[in-house]
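> Pasting the sequence and the predicted model now:
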Amino acid sequence: MQQLLCHSLVLKCILQQKMFILFIFSVLLFFLYCGLMLFYANVFKKTSCYKPVNSSIALSSFPKISIIIPARNEEKNIGPLLLSIQQQTIATEKFEVIIVDDFSTDRTAAIVQQFAFAKLIQLKNVVGTQHINSYKKKAIETGIAHCNGELIVTTDADCSVPEKWLETIAAFYLQHKPEFIVMPVAINHNNRFIEIFQALDFMGMQGITATMVHHMCNGANLAYTQKAFYAVNGFNGINAIASGDDMLLMHKIAKQFPGEIKYLKSKEVMVQTAPVKSLKEFFQQRIRWASKADQYNEKGIFLALLLVYLFNVLLLVYPIVTLLTGHAKYLTAWVFMIVTKTIAELIFLFPVALFFNKQKLLWLFPLLQPLHIIYIAIAGWLGKFGSYKWKGRMVK
């Protein structure tokens, strides 16, 4: 009996020690996370919107722009995208459009051929039956090899662009002469739950992108010089990674051209992208994005992503601890952290929502917090240890 009592006291002591460690770890993550959100809010508000210094820049001074668009089974989207490009205010002789068809099995190629200004390249004629790890990188690389623009602009086939998109990019480039330009992307959503959730989640990512311009970007709206692309040997060294045609390339360019990565904060260049249509597609997309996280050589972005992931996992652990211990204090701590986390995130999201004109969605954000926490934990784990399906291809 005495031995059992002693054993019970030892177990209780060990449990108390583990709970104390969990508490200290929680406090540390809590303050770091909330501080990070407030830091993002402050930086975003201080980032001014771009306005051209001279609205009457001579046509002759505009750089030649090559728009590179990889497309795979995009018959529903490629037409509207090309129509939006056709409406650009910049003179047509100052840009070219190259569509690289990535083994489409639908009418994507046929639709592209209806637009005389668009050049179509079939990726299958370049790689044949050879299996490659990243078809999208190969498509972009192929498009660049066939272009003659000083400035490369990339977007996705399921996007639409504003009419002053190229004009504003060209003016910004002439004014600042950066090697790499990061630009905003918004999800064009309707009132379906999954699309609203995506719009909110993606808006937060875009807000962080504006504050961490040397670390984050999105391939749906980028510009970089052809000189910089070839100076870093393009995708060499990262072409074995299925994802990362945007951020991993940017990190290579940032390393070779320090201080030459700029964020173009302007509604005139805000690209609209289509949402995925189901929860399964959403998770597949986010797992794909998370899969490249451990490939980042930049410690800042890796530590920020790790902090976000660990804090959200911690919020899933606390209800389990409450059930195991039966102590309501852990539930109280969990509720406090959830509420404070939500407030800190809303402080950050409010100026971001104003810029993206999505402030009406913010009232839904607290209600979607549980799903947001769960998805981050799942996508982060599967991005490292799982597999995903993208454009009909399974990637491990």
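Arrived safely.
> separation between the closest residue to Lys124 other than its chain neighbours and Arg288?
Closest residue to Lys124 apart from its sequence neighbours, by CB to CB, 6 or more residues apart in numbering: Phe103 at 5.5 Å. All C-beta atoms are positioned from the backbone trio N, CA, C, and that covers glycine. Using CB to CB, to the nearest Å, one gets 18 Å for the distance from Phe103 to Arg288.
> Tell me which of those two has more neighbours.
Applying other CB atoms under 10 Å to Phe103 and Arg288 shows that Arg288 carries more neighbours, namely 21 against 16.
> Show me the helices in the protein, by range?
Assigned by DSSP state H, the helices in the chain fall at 2-46, 78-86, 108-112, 124-127, 135-145, 165-176, 193-211, 226-231, 247-256, 279-290, 299-325, 328-356, 365-385.
> Select, out of those, the one closest to Asn239.
Among these, helix 135-145 comes nearest to Asn239, with 5.4 Å by CB to CB.
> Show me how far stretch 276-289 is from its chain's centre.
Chain-centre distance of stretch 276-289: 13 Å, with CA atoms, centre = their mean, to the nearest Å.
> contacts for that stretch?
Surrounding stretch 276-289, the residues in contact under the criterion CB atoms under 8 Å, 6 or more residues apart in numbering are 194-195, 197-198, 242-243, 375, 378-379, 382-383, 386, 388-390, 395.
> tell me which residues of that stretch are tucked away?
Within stretch 276-289, the residues scored as buried using 16 or more other CB atoms under 10 Å are Val276, Phe282, Phe283, Gln284, Gln285, Arg286, Ile287, Arg288, Trp289.
> Export these as TSV, with columns for pLDDT and distance to Phe311.
TSV is the format used below for these (pLDDT from 0 to 100; distance: CB to CB, whole Å):
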residue	pLDDT	distance to Phe311
Val276	88	26
Phe282	88	21
Phe283	85	20
Gln284	85	24
Gln285	83	22
Arg286	84	17
Ile287	82	19
Arg288	79	22
Trp289	79	18
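> just to revisit the earlier point, how about the residue nearest to Lys124, what does it touch?
Going by CB under 8 Å, 6+ apart, Phe103 touches Arg72, Leu123, Lys124, Tyr135.
> ok, now how distant is the last one from Ala110?
For Tyr135, the distance to Ala110 (CB to CB) stands at 20 Å.
> try the third one
Summarising the geometry, the distance separating Lys124 from Ala110, computed by CB to CB, is 15 Å.
> picking that back up, ok, Tyr135 and Ala110, which is more surrounded?
Higher neighbour count among Tyr135 and Ala110: Tyr135, with 20 against 12, using other CB under 10 Å.
> Test my guess that the more buried one contacts Asp102.
Yes: counting by CB atoms under 8 Å, a contact exists between Tyr135 and Asp102, whose distance comes to 5.2 Å.
> what sits in contact with each of the two?
In terms of CB under 8 Å, 6+ apart, Tyr135 and Asp102 are both contacted by the residues Pro70, Arg72, Leu123, Lys391.
> Now the last one: closest residue in space that isn't a chain neighbour?
Just to be clear, that refers to Lys391. For Lys391, the closest residue by CB to CB, 6+ apart turns out to be Arg72, at 4.7 Å.
> again with the first one
Nearest in space to Pro70, with sequence neighbours left out and distances taken as CB to CB, 6+ apart, is Ala139 at 3.7 Å.
> dump the residue contacts of that neighbour.
The contact partners of Ala139, by CB under 8 Å, 6+ apart, come to Pro70, Val100, Asp102, Leu123.
> can you pull the contacts of the last one?
Read it as Leu123. Counting by CB under 8 Å, 6+ apart, Leu123 touches Val100, Asp101, Asp102, Phe103, Tyr135, Lys138, Ala139, Thr142.
> Now Gln88. Its backbone dihedrals?
Gln88 adopts backbone torsions of phi -60, psi 140, taken as degrees, to the nearest 10.
> quick one: it from Leu174, how far?
Gln88 is 17 Å from Leu174, by CB to CB.
> out of the two, which sits in the more crowded spot?
Legend: neighbour count by other CB under 10 Å for Gln88 and Leu174, higher for Gln88 (20 against 17).
> Need the pLDDT of that one.
On the pLDDT scale, Gln88 is placed at 95.
> what sits against it?
By CB under 8 Å, 6+ apart, Gln88 lies in contact with Phe95, Val161, Glu163, Lys164, Trp165, Leu166, Glu167.
> hmm, back to that, adding distance to Ile238, write the helices of the chain out as CSV.
Output for the helices of the chain, formatted as CSV (distance: least, CB to CB, whole Å):
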stretch, distance to Ile238
helix 2-46, 27
helix 78-86, 26
helix 108-112, 26
helix 124-127, 17
helix 135-145, 8
helix 165-176, 24
helix 193-211, 19
helix 226-231, 13
helix 247-256, 4
helix 279-290, 15
helix 299-325, 15
helix 328-356, 29
helix 365-385, 16
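> okay but Val100 is in contact with Arg72, surely?
No: at 9.4 Å, Val100 and Arg72 do not qualify as touching, with contact defined as CB under 8 Å.
> Settle it for me: which of these two has more neighbours?
Comparing Val100 with Arg72 by other CB under 10 Å, the one with more neighbours is Val100, at 26 against 21.
> Mind pulling the model confidence for the closest residue in space to the more buried one that isn't next to it in sequence?
Taking CB to CB, 6+ apart, and ignoring the residues beside it in sequence, Val100 has Ala139 as its nearest neighbour in space, at 4.0 Å. Reported pLDDT at Ala139 in the predicted model: 94.
> Over to the one 5 residues further on?
What the model reports for Ile144 is a pLDDT of 97.
> Give me the distance between it and Lys137.
Ile144 sits 11 Å away from Lys137, going by CB to CB.
> So which of those two has more stuff around it?
Lys137 (25 against 21).
> wait, doesn't the more buried one sit right on Ser243?
No: under the contact definition of CB under 8 Å, Lys137 does not touch Ser243, with a separation of 9.1 Å.
> are any of the contacts of Gln88 buried, and which?
Neighbour counting by 16+ other CB under 10 Å classes Phe95, Val161, Lys164, Trp165, Leu166, Glu167 among those as buried.
> Need the max-distance pair from the residues you listed.
For these, the maximum inter-member distance is 13.0 Å, found between Phe95 and Lys164 (CB to CB).
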